[in-house]
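J.: got a predicted model here, sequence first, then my questions.
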Amino acid sequence: MSSTAISVTAEELRILVENLVEEKLISLFGDPEEGLEIRKELKERFLKQRNQMRDGVNSISFDEAMAKLGLDE
């Protein structure tokens, strides 16, 4: 039997546990959103956002986004 040790931050561990619990709940009870339809207004909003991003309207670069989130090192 082999064992592997990993080093994770508390936040990484929280996210991992959260994802595992969500996956298990979905496997036991099914996806609560399955079969639901996206409202017309929401679909139109997503399409508008996609087009704006494609056209460079109201968008920022990846580097700017990272800086705003404090993730630039």
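T.: Sure, I can see it. Given the structure is predicted, the values throughout are model-derived calculations rather than measurements.
J.: identify the residues contacting the longest helix along the chain?
T.: Longest helix of the chain, by residue count under DSSP state H: helix 10-29. The contact list for helix 10-29 (CB atoms under 8 Å, 6 or more residues apart in numbering) reads V8. (C-beta placed from N, C-alpha, C; glycine too.)
J.: now whichever helix or strand comes after that helix: mean pLDDT?
T.: Downstream of helix 10-29, the next assigned helix or strand under DSSP states H and E is helix 40-55. Averaged across helix 40-55, pLDDT comes to 90.
J.: any weak-confidence spans in this structure?
T.: Flagging of the chain using pLDDT under 70 yields the residue ranges 1, 73.
J.: now with 50?
T.: For the chain, no stretch is flagged by pLDDT under 50.
J.: what is the burial count for I6?
T.: Residues contacting I6 under the criterion other CB atoms under 10 Å number 6.
J.: what about it, distance to I38?
T.: Distance, I6 to I38, by CB to CB, to the nearest Å: 38 Å.
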